[in-house]
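J.: Let's see this in three dimensions:
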Amino acid sequence: MMDWLHAFKEGVFQWMESLAGSEHPEWWLFALAFAESSFFPIPPDVLMVALGVVAPEKALWFGLICTAGSVLGGALGYGIGLWGGRPILYRLFKAPKIRAVERLYDRYNAWATGIAGLTPIPYKIFTIGGGAFKINFKIFMVASVAARGFRFMVEGALLYFFGESIRDFLFTYFNWLSVAFVVLLVGGFWLVHLYGSRASKASGAGEVET
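T.: Below you'll find the predicted structure:
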């Protein structure tokens, strides 16, 4: 069974890379980024990297296309979740993943979408979950633009400056770099919150003494 799944995944990867030589690869890139945010299993990075290797001077443009497609696809995922509610989440994803997403939304509200947009976690579970959990749509969209834009534009910038030599690095390490960025981001928010809480307590204590 695992051999069959691996062969299928490799076949999909090869098909996506072959689209770089198609007549309208940018449209394919947009369509795949759109679909990956709501139902398609393979991220658009595969095609974007292939295109960036062929034409590194257009890599930032490819990043913008990916960002636009992913954000709009995320809005569709949100609509699917809003329409289908929790039952559609449990039909599409395993319960432990749903509980993990719900915990992130409970802690960070719609900004959890931004965390998901930078990590290897399937983005679609957050977009559909955002609708199912009735997360604030405006913040959801802002977080989507920020996170997906950062991911794809950094990827595009690396392709622009390094071209084919960066290809293997992106496929091997980019997700880990994204995870590291999220850890630093969340850690920064935590430190700011901790400092703010201590400063507030110190200010309150000073007022009581006077």
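J.: can you list the weak-confidence ranges in this structure?
T.: Along the chain, the model assigns pLDDT under 70 to residues 1-13, 117-120, 171, 173-210.
J.: What segments of it are helices?
T.: Along the chain, counting by DSSP state H, helices occupy 2-18, 25-36, 45-54, 59-92, 95-108, 112-116, 123-132, 137-162, 167-209.
J.: Any chance of CSV for those helices, columns mean neighbour count?
T.: Backbone N, C-alpha and C define where each C-beta goes, glycine included. Listed next are these as CSV, based on neighbours: other C-beta atoms under 10 Å:
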stretch, mean neighbour count
helix 2-18, 11
helix 25-36, 21
helix 45-54, 23
helix 59-92, 20
helix 95-108, 14
helix 112-116, 25
helix 123-132, 27
helix 137-162, 20
helix 167-209, 12
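J.: Nearest residue to Gly79 in space, please, no chain neighbours.
T.: In space, not counting the residues next to it along the chain, Gly79 is nearest to Gly131; the distance is 6.1 Å by C-beta to C-beta, 6 or more residues apart in numbering.
J.: separation between that neighbour and Ala110?
T.: From Gly131 across to Ala110, the span is 11 Å (C-beta to C-beta, to the nearest Å).
J.: With Leu64 instead?
T.: In terms of C-beta to C-beta, Leu64 sits 23 Å off from Ala110.
J.: again, but for Ser144
T.: Separation of Ser144 from Ala110 (C-beta to C-beta) stands at 9 Å.
J.: So Pro25 sits against Met16, correct?
T.: No. Under the criterion of C-beta atoms under 8 Å, Pro25 makes no contact with Met16, lying 10.5 Å away.
J.: Spell out which residues are contacts of both of these two.
T.: Both Pro25 and Met16 are contacted by Leu47, under the criterion C-beta atoms under 8 Å, 6 or more residues apart in numbering.
J.: Just to check, Ile65 is in contact with Phe30?
T.: Yes. Judged on C-beta under 8 Å, Ile65 makes contact with Phe30 at a distance of 5.2 Å.
J.: so Cys45 sits right up against Arg167, yeah?
T.: Quick fix: residue 45 is Asp, not Cys. No. Because the distance of 10.8 Å does not satisfy C-beta under 8 Å, Asp45 is recorded as not touching Arg167.
J.: Once you drop chain neighbours, what's closest to Tyr160?
T.: What sits nearest to Tyr160 in space, not counting adjacent residues and going by C-beta to C-beta, 6+ apart, is Ala59, at 4.2 Å.
J.: How much space separates that neighbour from Leu170?
T.: From Ala59 over to Leu170 (counting by C-beta to C-beta), the distance is 11 Å.
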